[in-house]
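Asks: give the three-dimensional model of this entry:
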Amino acid sequence: MLPTHAIAGMLLALPVAYARPEFAGVALVAGFVGGVVPDLDLYAGHRKTLHYPVCYPVLAVVALGLAVARPTVPTVAVAFVLVGAAAHSLTDALGGGLELRPWEATSDRAVYDHYHRRWIAPRRWVRYDGSPGDLFLSATLAVPLLVMLDTTVRWLVVGMLVVAAVYTVVRRVLPALAVLLVGRVLEPLAPGVLAYVPARYRAGPEG
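Replies: Below you'll find the model as predicted:
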């Protein structure tokens, strides 16, 4: 889920807080942003449009090299946005698929590999986004951030954990609510909007 990716992006930037404290803030914010950005494609080709499990890591390595050679706010920011995005795109393959109810494990699509022009199958090490295992992962990744960073950043991490906990609680009912919203509200009242709604939200439980 998104909070897990955001926290992971910040965690990857944590060493900068100690190696180069003057860049700690920009690295942590950039890691957070990079962890979030890929999921902005949620309603436009999810896990394909902004997910690049091959290209992001390559670009991240190049950007990190540049940031080490010439550390400035822009180079550090670009490097850790790419690091966060790379981690997000790669780890999506370790979770569930793209189906509306990923705990049913019916999809063979986890994230799209643009380089090889194929979908990577879900590994389901984390059963699905918003699963109890996903929440545990979020909490585990957050521990170093909560222990080592200042109060301002801690509150951001705590906020992410609260979002993660709420999402975990409601995750199983969200598909039914989404289908109900589309069928009972959007279809009769705003049919033109349906063209922008992913097909999985227009399917009933049997679909």
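
Asks: quick one, what contacts the residue lying closest to L137 once chain neighbours are set aside?
Replies: Computed as CB to CB, 6 or more residues apart in numbering, the closest residue to L137 that is not its neighbour in sequence is T4, at 5.6 Å. The C-beta positions use only the backbone N, C-alpha and C, and glycine is treated the same way. With contact set as CB atoms under 8 Å, 6 or more residues apart in numbering, T4 has these partners: 134, 137-138, 141, 164.

Asks: what subset of those residues is buried?
Replies: Buried by 16 or more other CB atoms under 10 Å: 134, 137-138, 141, 164, out of the contacts of T4.

Asks: just the residues you listed: which are in helices?
Replies: Cross-referencing these against helices under DSSP state H gives 134, 137-138, 141, 164.

Asks: sorry, back to before: ok, of the buried ones among the contacts of T4, which one's closest to P71?
Replies: Nearest to P71, judged by CB to CB, of the buried ones among the contacts of T4 is L141 at 25.2 Å.

Asks: do you know how far that closest one is from A67?
Replies: The gap separating L141 from A67 is 22 Å, by CB to CB, to the nearest Å.

Asks: what about R47, how many residues nearby?
Replies: Counted by other CB atoms under 10 Å, the residues lying close to R47 total 23.

Asks: part of a helix, is it?
Replies: No. Remark: R47 does not belong to a helix; assigned using DSSP: H, G, I helix; E, B strand; the rest coil, it is coil.

Asks: pull out the CA atoms of the strand or helix carrying A178 and give them to me as CSV.
Replies: Assigned by DSSP states H and E, A178 falls within helix 174-181. Provided in CSV are the C-alpha atoms of helix 174-181 (Å, rounded to 0.1, in the frame of the first residue of the first chain):
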residue,chain,number,x,y,z
LEU,A,174,-13.5,-1.2,-0.4
PRO,A,175,-14.1,-3.3,-3.6
ALA,A,176,-17.8,-3.7,-2.8
LEU,A,177,-18.1,0.1,-2.0
ALA,A,178,-16.3,0.9,-5.2
VAL,A,179,-18.6,-1.2,-7.3
LEU,A,180,-21.7,0.2,-5.5
LEU,A,181,-20.5,3.7,-6.1
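
Asks: check which helices and strands that helix is in contact with.
Replies: Contact partners of helix 174-181 among helices and strands, from 3 or more CB pairs under 8 Å, 6 or more residues apart in numbering; DSSP states H and E: none.

Asks: turn the buried ones among the contacts of T4 into JSON lines, columns for distance to V185 and pLDDT.
Replies: As requested, these are exported to JSON lines (distance: CB to CB, whole Å; pLDDT from 0 to 100):
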{"residue": "D134", "distance to V185": "29", "pLDDT": "97"}
{"residue": "L137", "distance to V185": "34", "pLDDT": "97"}
{"residue": "S138", "distance to V185": "31", "pLDDT": "98"}
{"residue": "L141", "distance to V185": "36", "pLDDT": "97"}
{"residue": "A164", "distance to V185": "27", "pLDDT": "98"}
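
Asks: and W119, what element?
Replies: strand 118-120.

Asks: show me where this structure has strands.
Replies: Ranges of strands in the chain, per DSSP state E, are 111-113, 118-120.
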